[in-house]
Structure formats: C-alpha cells, structure tokens
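Student: Make a model of this:
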Amino acid sequence: MGHPDPVLDGLDVYVVGGAVRDALLDLPAGDRDWVVVGARPEDLAARGFVPVGGDFPVFLNPRTKEEFALARTERKSGRGYKGFTFYTGTDVTLADDLQRRDLTINAMAVDRQGCLHDPLNGLADLQARLLRHVGTAFSEDPVRLLRLARFAARFTQFQVADDTWALARALVEQGEVDELVPERVYMELVKGLAAARPARMFEILREVGALARVMPGLTYTDAIGERVQTACDRGLPLPGRFAVLCHLSRKPADVAEQIRAPSEWRDQARLLPLLLDSVALPNPRAQVEPALALMEQLDALRKPARFAELLAAAACLQEVPVDDWEYLRHVMAAVDAGAVAAQYKSDPSQIRDAVRAARLQAMHSAA
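Tutor: Model (predicted):
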C-alpha cells in the first residue's frame, strides 16, 4: 500500500477496482482509486482533502493527489448511465460499495494492511479468466456494456460468462444503450482501440446487437477487425486505427462526428478512402500527375506527419510503396515556390499554376 500516510490515520480506506485487479494479474501498476467507508465529506475536508465535484463526493488527497471517494450505493432513477441517485451515508459498507460495480474482477478491495476483501468472488473469476457481472444492475447502465467489451479487448484470455451475455442483450433490447452520450462512447473506444485485441470490442458489441446503435453508420466485418488488429500490431496511432476501422463505411467522417471524436480522427477517417481510391497508390512513380493531385488533396506538404500516418494506415489494407511516396513528397517539397512566384510578380494570378507545374516537372524528373 506504499508509505504510511498520516492524513489517512483513523480512516477506514481501501484501494479498489482496477489497481487491485492488475496487481493480482502481475500487471504494471496504474492509478489507484480509493474508497473511504464510514466518513462524511466534512471529515475529509477537515483533514485537508480537496473536493473535486462531480455527481458524488470525490476528494483529492492533499499529499498524494490520489482520488478518494466516499463509499456509496446507487439506485436507478432514470434512463441511461446518468439516471442514478447516489447515497453516501456513513452506514454504507465496503460490501455495499463493491456491489454496485460492473464486473466481479473490478469489485475487489485491499485495505492498508494489504488484506484482500472479495465478497463477490472476483478472485475466483480472475483465476478462471471470466468476465462476470456483479448484479442485475448491470443491465441498467449502458456504460457497463461498453466496459465489458473494452475489457474483453484488453484481457484477451478472458471469456464472457453466459449469464452476463444475457444481461448485455437485455440492456440493448430495453433501449438503455440508446441513452449513451457520444463523448462516453468515444472515451471507451479510445481504450478499446489501444487494447491488445481491439476487434473483440466490436465483436461483442455486434454479438449483443449494440454496435449499430452505438456507432450507427459504421460498416464492420471480421475482415475489418483483422485489419484493425494489423494496425494495432504495427503500433499505428489511434487516429490511424480508427481510420482503418471506418474505411469501408459510407461516410467515415460522420462516424467520427457521431462520437464527438477529435478532428484528427475525423480527418484521417475522411482522407484514408481518398488515398485507397487513388490510381497512383500502388505505383506513384508511374502515375506522377495523379500522385501530385492526391498529395495536394491530402495537404501532404503542410501536414507531412499526417500524410505518413495515412500511408501507414493504407499499408495495413494493401501493398503500399511507402518509400516511393515519401520520396516524391520530398521532391515536391524541395521546389522553391518562392523563387517560382518571384517570376510572376507582374501577374500573380499565374503563380499557383506555375508552382504546380514546377513541382510536376521535378517529380517527373525524379521518377
């Protein structure tokens, strides 16, 4: 549990959730989440803890800056993942708090003495490599479905328990999944695409009928999943993995927009099909004019890093002579546009065409 922390003396505190799970799996330690049992907000404030707001009382430890949440229960009070009422009274026990969590492997706690508290048998499921829901409340919170799919993508040896499959399908059939806000879908997708086997996230969402509801407009097949895995194995940044995921969708940029993805995700999703459709893609040195037109369209001169990422994404889908493309981009960039422009001071309207002609001539000569 680390070095003694005097601000915790006299408090009933536990590390909970992912930090406990990962320690038991001998995985690298990440951020620790803490739960405080039997305390009031004013008790923590008196010790110097800083409230950070939100839907329920969460505080920052003044020394470590780690998050400490008061033990709480939750009751369904509306639709969607925000449709809950929280209770954080001093009578809420550790077991009560663990009972509201999503999966048994995420519902274990360790006290300051290092003792494991596991009222829901999470350790047994961890050893059996099972992803199992904690309670029937699983089907009340659509975020839990996203998390189930994302954990399946991360922990590739784990299987989903049969009764958890049934609850996941019920969550979709009851329309709860339709209440997910786009930003939360994006947050979970970031983690899923960064996982060891991203395709499992989409396979599970598809299996329970949620994929078309969560990401309408996405065309997904097993073959696309294999290409996303290739992008993952090659270490492509997330925008490139997302572009590969969407490359057969009718409007890839719209898929990005629906989940409020960043502009870089949207741009790569939009531009990758242009690259794939270019006649120059397999042999740019033999197709210099289309190659120049494509690089202009992709803004390759001003955004060389993005161009390189798009080439890497395309190379996950077909053979791409990346070195030839990069060579021609350097040739294009080496043309002194300023010097060309200086020749047309008297008629600036000709500058753009003249610069383009100079670049085209340089590329023909280099090819």
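Student: Could you check stretch 228-242 and say which residues are buried?
Tutor: 228-232, 236-242 (16 or more other C-beta atoms under 10 Å). No exception for glycine: its C-beta is placed from N, CA and C like everyone else's.
Student: again, but for stretch 130-145
Tutor: For stretch 130-145, a neighbour-count test (16+ other C-beta under 10 Å) marks 130-134, 137-145 as buried.
Student: now do stretch 165-173
Tutor: Across stretch 165-173, burial judged by 16+ other C-beta under 10 Å covers 165, 167-169, 171-172.
Student: Switch these over to a markdown table; also include pLDDT and secondary structure.
Tutor: Formatted as a markdown table, the buried residues of stretch 165-173 follow (pLDDT from 0 to 100; DSSP: H, G, I helix; E, B strand; the rest coil):
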| residue | pLDDT | secondary structure |
| --- | --- | --- |
| 165 | 94 | helix |
| 167 | 91 | helix |
| 168 | 92 | helix |
| 169 | 92 | helix |
| 171 | 88 | helix |
| 172 | 92 | helix |
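Student: between these, which is nearest residue 58?
Tutor: Of all these, residue 171 has the smallest distance to residue 58: 26.1 Å, by C-beta to C-beta.
Student: list the contacts for the closest one?
Tutor: 138-142, 144-145, 177, 208, 210 (C-beta atoms under 8 Å, 6 or more residues apart in numbering).
Student: Confirm that residue 34 sits in a strand.
Tutor: Yes. If the criterion is DSSP: H, G, I helix; E, B strand; the rest coil, then residue 34 is within a strand.
Student: For the spatially closest residue to it that is not a sequence neighbour, what is the enclosing helix or strand?
Tutor: Once flanking residues are discounted, residue 34 sits nearest to residue 68: 4.4 Å by C-beta to C-beta, 6 or more residues apart in numbering. Residue 68 belongs to strand 67-70 when elements are defined using DSSP states H and E.
Student: Let me see the ranges of the helices in the stretch 1-150 of the chain.
Tutor: Here the stretch 1-150 of the chain has its helices, by DSSP state H, counting those that start in this stretch, at 18-24, 41-46, 94-99, 122-128, 142-154.
Student: low-confidence ranges in this protein?
Tutor: Residue ranges of the chain with pLDDT under 70: 1-4, 54-56, 76-84.
Student: got the domain boundaries for it?
Tutor: Structural domains annotated on the chain: 1-128, 144-214, 278-366, as defined by automatic domain parsing.
Student: And for residue 19, the neighbour number?
Tutor: 19 (other C-beta atoms under 10 Å).
Student: So what's the residue count around residue 104?
Tutor: Number of residues near residue 104 (other C-beta under 10 Å) recorded here: 26.
Student: quick revisit: which one of the domains of the chain lies nearest to residue 250?
Tutor: domain 144-214 (13.4 Å).
Student: Check the offset of that closest one from the chain's centre.
Tutor: Here the centre of mass of C-alpha atoms in domain 144-214, compared against the chain's by C-alpha atoms, centre = their mean, to the nearest Å, lies 12 Å away.
Student: Who are the packing partners of the helix or strand harbouring residue 265?
Tutor: According to DSSP H and E, residue 265 maps onto helix 263-277. Packing partners of helix 263-277 (3 or more C-beta pairs under 8 Å, 6 or more residues apart in numbering; DSSP states H and E): helix 238-246, helix 252-258, helix 288-297, helix 304-315.
Student: right, so those: which one is the most enclosed?
Tutor: Most buried of the helices and strands packed on helix 263-277, by mean neighbour count (mean count of other C-beta atoms under 10 Å): helix 238-246, with a mean of 28.
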